[in-house]
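1. Generate coordinates for the sequence data below:
(chains A and B)
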Amino acid sequence: MKKLIVAASCALAMAAGTVQAKDWKEIRLAFDVPYEPFEYRDENGELTGFEVELAEAMCEELKAECEFVIQAWDGMIPGLLARKYDAIFSSMSITEERAERVLFSEPYYITPGGWFARDGFSADVTSKEEMEGKVIGVQRGTTMDTHATEEFGGIATIKRYTTAEDMVLDLEGQRLDVVFVDYPVGEQTILSQEGFKEVGKPVKLGQGVAVAMRKRDKDLANKVNAALKKLKNDGTYDAIMQKYFNYDIKI
Amino acid sequence: MPDFIAQWLDQNEIFTAMTIMEYWNGLVNTVQLVFLSLVIGLVFAIPLAILRTSKNPLVSGPVWLYTYLFRGTPLLIQLYIIYYGIAQIPGIQETFWWEIFREPFYPALLAFALNTCAYTTEIIRGAIVSTPAGEIEAAKAYGMNWWLRMRRIVLPSAARRAVQAYSNEVIFMLHSSAIASVVTIVDLTGAARNIYSRFYAPFDAFIFVALLYMALTFILVFAFRKLENHLLRHQRPVGS
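-> Now for the predicted structure:
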């Protein structure tokens, strides 16, 4: 009898879970805070940022009650699989490794790579001839690394760094002629100083950042994709983007 | 070549001719860096060790301070300070020194040589200090002056006592050189890190490089065993 009760309550709990999950009137979204300007707390302690506002707009579009969950980055995917929340809305780039464990929506932003150099630099960063013999700094394993290696491997010297700070120090110290780095990082750490400039145009690389969900929640992914598409087309997305960025991250 | 190795080489995507070349270049860089820093370190360590045993504190004091500083701080910090510190000196980019220190190899060589020199100085000093007093008295009784005594009695016998500890220092230096990759030198570890990040294959990339380090260590151990046998042959039982 006892066993039966346990079994019955388990079945009931599972059924209840399924029912709750199916209509998606309540969605729990996870953020890793702070990651400015994507998600952070303002002076009043309110959660805000590009992704937070986009998530709010998306929930409105879906007519769903959204609960925001704060989760540290290293437990992000395990927490999703353990059903602590239903979706990750926290600047997660699409990679093949992650795609094996989670279901990605269509990408909703992509940060371009930017070329930055000291003021005296004059070569054209798209020309193989002009870049010959130059020393390029990249962060190891990034999409910028792959791009620079494909374009200029064997033509220019490519130096790979573990952290952006080390790379910026070597650009200041004139060991590097030019660096190719995530645009927001370059904007914050290099352009904020005297004597540096952006060269060439930002380059969009990789597959972008998307909402990550459990593999079985295909119905939620469809809803999220539809809502994001609508926001991108009706101008809501652009309005939010222009609040936080002075360059284009739309994909 | 056994079949299963040939088969595995055919199947894997990581160990292509290109990555093998990257490992090879890494091996060349590691061996160059470690060998040169050990030679420079040893050449300077012998006179410094003699100065360090001086009874005059004005002579031994500075050497003590040097070994204390370089043994008292991590090699990684020393490398960072030298590599990034040099680039911060105002105006260095306009002098000929920049031709040398622009490349990461020479700052790393400087850091490694200074570090191993400090340790080797202390190893040799210990060996010199532990020279039996009787040997020195006998040398004095023969009328040998300080220089002759040092050259014929103290240093040869100190070398025999130092060689085992020094072989450890050499192996430690080889393994410490793995940090050269943080200043963009593509040594063995740097090559492994590049390949790891390109293929997302940490095990393949790092186990292969670990085997290469082990092979290098084995060569060093073997060479030092030969050297010890040579230096300590008088201690072997007669007739063996």
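2. tell me the secondary structure for residue A:131?
-> Counting by DSSP: H, G, I helix; E, B strand; the rest coil, the backbone at residue A:131 sits in coil.
3. What separation do you get for it and chain B?
-> According to Cβ to the nearest Cβ, to the nearest Å, residue A:131 and chain B sit 18 Å apart. Quick note: C-beta positions are derived from backbone N, CA and C, even for glycine.
4. How about residue A:30?
-> Separation of residue A:30 from chain B (Cβ to the nearest Cβ) stands at 24 Å.
5. does that residue have beta-bridge partners, and which?
-> Per DSSP bridges, the residues bridged to residue A:30 are residue A:69, residue A:88.
6. Isn't it up against residue A:79?
-> Yes: A contact is recorded between residue A:30 and residue A:79 when judged using Cβ atoms under 8 Å, the distance being 6.4 Å.
7. who touches both of these two?
-> Jointly contacting residue A:30 and residue A:79 under the rule Cβ atoms under 8 Å, 6 or more residues apart in numbering or on different chains are A:69, A:71, A:85.
8. returning to what we had before: who has more neighbours, residue A:30 and residue A:79?
-> Neighbours per residue (other Cβ atoms under 10 Å in any protein chain shown) separate residue A:30 from residue A:79, with residue A:30 holding more: 24 against 16.
9. Skip the chain neighbours and tell me the closest residue to residue B:175.
-> Among residues not flanking residue B:175 along the chain, residue B:213 sits closest, at 6.8 Å (Cβ to Cβ, 6 or more residues apart in numbering or on different chains).
10. quick check, distance from the strand or helix carrying that neighbour to the centre of its chain.
-> Under the criterion of DSSP states H and E, residue B:213 resides in helix B:202-231. Per Cα atoms, centre = their mean, to the nearest Å, the displacement of helix B:202-231 from the mean C-alpha position of its chain is 14 Å.
11. in that helix, what counts as buried?
-> Neighbour-count burial for helix B:202-231 flags B:204-205, B:208-209, B:212-213, B:216, B:220, B:224, B:231 (criterion: 16 or more other Cβ atoms under 10 Å in any protein chain shown).
12. Repeat that for stretch B:35-44.
-> Going by neighbour count (16+ other Cβ under 10 Å), the buried part of stretch B:35-44 is B:37-38, B:40-42, B:44.
13. just to revisit the earlier point, now do the residue nearest to residue B:175, the pLDDT please.
-> If you check residue B:213, the pLDDT there is 97.
14. And residue A:121, by the same measure?
-> As predicted, residue A:121 sits at a pLDDT of 91.
15. separation between it and chain B?
-> Distance from residue A:121 to chain B, counting by Cβ to the nearest Cβ: 14 Å.
16. was I right about that residue contacting residue A:177?
-> Yes: using Cβ under 8 Å, residue A:121 is in contact with residue A:177, at 6.3 Å.
17. Flag the shaky bits of the stretch 1-150 of chain A, pLDDT-wise.
-> A:1-22 (pLDDT under 70).
18. What residues does it have near chain B?
-> Residues of the stretch 1-150 of chain A found near chain B (Cβ under 8 Å from any Cβ of the partner chain) are A:97, A:140-141, A:145-146.
19. got the contact list for residue 88?
-> I went with chain A, as the question did not name one. Residues near residue A:88 by Cβ under 8 Å, 6+ apart: A:29-30, A:76-77, A:80, A:102, A:211-213.
20. that answer is for a different chain, and I need it for chain B
-> residue A:173.
21. List the contacts of the residue nearest to residue A:207 when sequence neighbours are not counted.
-> In this structure, residue A:207 finds its nearest non-sequential neighbour in residue A:94, 4.1 Å apart by Cβ to Cβ, 6+ apart. By Cβ under 8 Å, 6+ apart, residue A:94 lies in contact with A:104, A:107, A:206-210.
22. swap the cut-off to 7 Å and go again
-> Shown in contact with residue A:94 (Cβ atoms under 7 Å, 6 or more residues apart in numbering or on different chains): A:104, A:107, A:207-208, A:210.
23. picking up where we left off before, a markdown table for the shared contacts of residue A:30 and residue A:79, including neighbour count?
-> Shown next, in a markdown table, are the shared contacts of residue A:30 and residue A:79 (neighbours: other Cβ atoms under 10 Å in any protein chain shown):
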| residue | neighbour count |
| --- | --- |
| A:69 | 16 |
| A:71 | 20 |
| A:85 | 22 |
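24. Let's have the residues you listed in JSON lines, adding distance to residue A:182.
-> Output for the shared contacts of residue A:30 and residue A:79, formatted as JSON lines (distance: Cβ to Cβ, whole Å):
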{"residue": "A:69", "distance to residue A:182": "26"}
{"residue": "A:71", "distance to residue A:182": "22"}
{"residue": "A:85", "distance to residue A:182": "26"}
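25. Out of these, flag the one nearest to chain B.
-> Among the shared contacts of residue A:30 and residue A:79, residue A:71 lies closest to chain B (Cβ to the nearest Cβ), at 23.6 Å.
26. Out of the contacts of residue A:94, who's the most crowded?
-> Counting neighbours by other Cβ under 10 Å, residue A:210 leads the contacts of residue A:94 with 28 neighbours.
27. Do I have it right that that one meets residue A:109?
-> No: assessed by Cβ atoms under 7 Å, residue A:210 is found out of contact with residue A:109, at 8.9 Å.
28. about what we covered before: could you check how far the residue nearest to residue B:175 is from chain A?
-> Computed as Cβ to the nearest Cβ, the residue B:213 to chain A distance reads 20 Å.
29. Now do the same for the one residue in the stretch 1-150 of chain A that gets nearest to chain B: helix, strand or coil?
-> Proximity of the stretch 1-150 of chain A to chain B (Cβ to the nearest Cβ) peaks at residue A:141, 2.9 Å away. Classification of residue A:141 using three-state DSSP returns coil.
30. bridging residues for the closest residue in space to residue A:131 that isn't next to it in sequence?
-> Closest residue in space to residue A:131, ignoring its immediate chain neighbours: residue A:156 at 4.9 Å, by Cβ to Cβ, 6+ apart. Each beta-bridge partner of residue A:156 is listed here: residue A:153, as defined by DSSP bridges.
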